[in-house]
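Asker: Build the 3D model from these lines:
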Amino acid sequence: MNTNDSIQKSSLTKAVLALYDEAYLGSPDPKAGTWFTDNDPKNGFLGTIESLSSAEASRSTTPGDPLTIASHVAHLEFSLDLANRAARGENPYPGAEWARSWDQRVVSDAEWQRLVASLRSEYEAFRAYLASGANWDEQDFMTGTLGLIAHGAWHLGAIRQALGLVRAPK
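Answerer: Reported below is the predicted structural model:
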């Protein structure tokens, strides 16, 4: 038994990147196994939404609820933007308007393409920050990063469940 209770930062970074990537991209080899996504190609959030049309992204995900997949994407893009700003040394959270991050409902083809591209860009920027040697000694950062992964996974599950309704004929 190892009496050293510390975790190597490189091991933590590797594990966090694997889970972060799976939430947003999917497993690199779903046939070899996944941590929490389905065993389908492109089974992460970005792979799931990139196959959707703007009309599908603009349809309600639950009867009687105005939220759409575009709403989920805008909300995740907002949260990753905040994380990236914090990684650059800002404190964006006090003025963050979380409720407004859900305002996007309907998107045109061009708006949908821009929103998906912006989410991918925010994902990639935060991934680069994590890979470059994030400050795992900062408790709020570590907790926030783990929360960010869970947040992305939750939204992935929510939209994957909603796909049946979104793709159903009107």
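Asker: how about low-confidence regions in the protein?
Answerer: 1-4, 30, 35-37, 39, 41, 165-170 (pLDDT under 70).
Asker: excluding its backbone neighbours, what's nearest the residue nearest in space to the middle of it?
Answerer: When the chain is reduced to its mean C-alpha position, the nearest residue by C-alpha atoms, centre = their mean turns out to be G152, at 3.5 Å. Distances taken as C-beta to C-beta, 6 or more residues apart in numbering put A23 closest to G152, at 3.8 Å, once the chain neighbours are dropped. Heads up, the C-betas are built off the backbone N, CA and C, glycines and all.
Asker: Now do the helix or strand where that neighbour lies: everything it contacts.
Answerer: A23 is part of helix 9-24 when elements are defined by DSSP states H and E. By C-beta atoms under 8 Å, 6 or more residues apart in numbering, the list of residues contacting helix 9-24 from outside reads 28, 34-37, 44-46, 123, 126-127, 130-131, 133-134, 136, 145-146, 148-149, 152-153, 156.
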